[in-house]
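Chemist: coordinates for the following, if possible.
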Amino acid sequence: MTDKSLGLAVRSKLNLTARRIALGTRTPLARGLGSFLRSRRWFFIAMFVGAVMLSFAPPEGLSQRGWIILTMSVVSVFLYVTEPVPLPTVALMIIVAQVIMLGMDSTTVAKSLMSDSVLFIMGSLMLAVAVVKQKLDKRIAYLIVQVTGTKTVNVCVGITVVSGVMASVIGEHTVAAMMLPVAITLITLTSDDPKKVRALAAVLLFSISYGCSVASIGTPSGGARNAIMIGYWKEFFYDPKSPETFKYLVDYLRWMAFSYPVFLAQLPFVTFILFKTFKPEQDNLSRAVVKLREQINKQGPMKSSDWVSIVTFTIILSGWMLFSDTLGLGTVAVFGAIMFLVLGLVRWEDINSGVNWGVVLLYAAAISLGVQMKDSGAALWVGENLLAALAPLGVDSGPALWVAISSLTTGVTNTMSNGAAVAVLGPITLNMAEASGESPLLLGFITAISSSFAYLTVIGTPACTIVYSSGYLKTTDFLAVGYRMVIMSTIILILAAWLYWPFLGL
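Modeler: Numbering: from 1, shown residues only. Here you go, the predicted model:
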């Protein structure tokens, strides 16, 4: 296969989802009122649920304001899960509802939308576009096989490790976008017939998505949910006048001390579980590697811009590690995007078209609603009632409570984005910590880390969605291997919380 034909094959796979979407570009309303009502039925059901809740008096112990905010949260989660309207629409609804239903000043609401966490998410998405534009996928693939050899199991280990290490610092969506062409290159160079590489494609593609998922907990820059939890700790518990609360200022290195070992402990099990679930048709990729080497030779040595990009990102990573506690994660991320723009490594047009600004808005609104959940007492009320319900089962404290919170977060994060899951559950689990006498840091870490266990569905994480877009995987594949990943990750997390974290002061 020539370099040109391979490029066409890769682009064909990457554009599969776009072609499917293009088949139905007409809006539901344009296709008729009946089609519109069917497509928006879950929206109207959500509105009906909200109206019914508000028709009742607030439960005992909850204020009217708290009841309104809790209703808004229920409706928002309902819309996140069913997605009858674009998710940024839900964010806009949250903003408007705070002004109209809570009587808040619009300027106050606007201010609540922007925090260092949101700035970090925006900067990270901009960096993602800049990194992907460098097109280093073939060189990465060749570097991996040079280190691992050509045996399929070793290549999968290499892809998992590389995806994991990168995703732990630059975000799983970025890494998945970079590594997907790497896997498809190896798959298409092995065979043009997808049926002949069905299991091979599964282990290679899941090596990317699950490598990214287990690693995204490793550092604050690994995922939006990490920055969201750090923001909640600071918002809810930190008081600059009280030295005792300084422990809730979690910086880059302290987060790594808690979470990076949890990521590393999961890493060896990923390939083992994948090969137990799928049995690749080829146990050696030597033929594909020969073709790949020929194409690398045609490209020639790395260009100066490639090296400048690597150095630039190294500077950004150093900034996160050294200055995040003083400058903030968001400031460093935005500064990194500025560097890429000033050096001419990426154009603003590329960032403007490549960044999903709706995601930024979605996280901003979710965090704003989470703060209102806390300030109104709604989060505390939910947390206390959950503890009361769990008490007869003996799971209102200790490891049993940890497992319950991890299971709750895992269930929620498989039905919506992990960032949204933490934004919704964070205030609840942190208030449960206070009510149960547990450490808010401990339950916060359990919540944030468990949000990465979105192995069961296509929509659980950006990495899963990206590898599914290749066209090689089925939705049932995620269930077949995902439940094993959930069990493994939960066991390792609880063991870390029980045996390792106490040495760090929890």
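Chemist: contacts only, for the nearest residue to Ser368 once chain neighbours are set aside.
Modeler: Nearest residue to Ser368, sequence neighbours excluded (CB to CB, 6 or more residues apart in numbering): Ser112, at 4.3 Å. No exception for glycine: its C-beta is placed from N, CA and C like everyone else's. By CB atoms under 8 Å, 6 or more residues apart in numbering, the contact list for Ser112 reads 367-368, 371-372.
Chemist: state the mean pLDDT of stretch 33-44.
Modeler: Taken as a whole, stretch 33-44 carries a mean pLDDT of 83.
Chemist: what's the span of that stretch, first residue to last?
Modeler: When the termini of stretch 33-44 are compared using CA to CA, to the nearest Å, they are 14 Å apart.
Chemist: of the contacts of Ser112, which belong to strands?
Modeler: Taking DSSP state E, every one of the contacts of Ser112 sits outside strands.
Chemist: between those residues, which is nearest Pro240?
Modeler: Of all those, Val371 has the smallest distance to Pro240: 18.0 Å, by CB to CB.
Chemist: and the contacts of Ser112, which of them are in helices?
Modeler: 367-368, 371-372 (DSSP state H).
Chemist: neighbour-wise, which of the residues you listed leads?
Modeler: Ile367 (29 neighbours; other CB atoms under 10 Å).
Chemist: which pLDDT value belongs to that residue?
Modeler: pLDDT, Ile367: 76.
Chemist: then Val424?
Modeler: Reported pLDDT for Val424: 77.
Chemist: so who does it touch?
Modeler: Neighbour list for Val424: 73, 76-77, 80, 366, 369-370, 412, 416 [criterion: CB under 8 Å, 6+ apart].
Chemist: distance to Ile310 and neighbour count added to the residues you listed, as a markdown table?
Modeler: Below are the contacts of Val424 laid out as a markdown table (distance: CB to CB, whole Å; neighbours: other CB atoms under 10 Å):
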| residue | distance to Ile310 | neighbour count |
| --- | --- | --- |
| Ser73 | 43 | 23 |
| Ser76 | 40 | 25 |
| Val77 | 41 | 19 |
| Tyr80 | 37 | 22 |
| Ala366 | 34 | 28 |
| Leu369 | 39 | 23 |
| Gly370 | 37 | 27 |
| Val412 | 37 | 22 |
| Met416 | 35 | 24 |
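Chemist: closest one of those to Asp105?
Modeler: Leu369 (16.4 Å).
Chemist: buried set for stretch 187-207?
Modeler: By neighbour count with 16 or more other CB atoms under 10 Å, stretch 187-207 contains the buried residues 187-191, 197-207.
Chemist: so Phe236 is in which element?
Modeler: Assessed by DSSP states H and E, Phe236 sits inside helix 224-237.
Chemist: need the next SSE after that helix, C-terminal direction.
Modeler: Of the helices and strands lying after helix 224-237 in sequence (DSSP H and E), the nearest is helix 252-277.
Chemist: now that following helix, how far from the centre of its chain.
Modeler: For helix 252-277, the separation from the chain centroid amounts to 15 Å (computed by CA atoms, centre = their mean, to the nearest Å).
Chemist: so where is this structure shaky, pLDDT-wise?
Modeler: Across the chain, the ranges flagged by pLDDT under 70 are 1-31, 132, 134-138, 171, 173-174, 325, 415-417, 459-460.
Chemist: would you map the strands across it?
Modeler: With DSSP E as the criterion, the chain has no strands.
Chemist: ok, now how distant is the residue sitting furthest away from the middle of it from Gly66?
Modeler: Most distant residue from the mean C-alpha position of the chain: Ala57, 36.8 Å away (CA atoms, centre = their mean). Counting by CB to CB, to the nearest Å, the separation of Ala57 from Gly66 is 12 Å.
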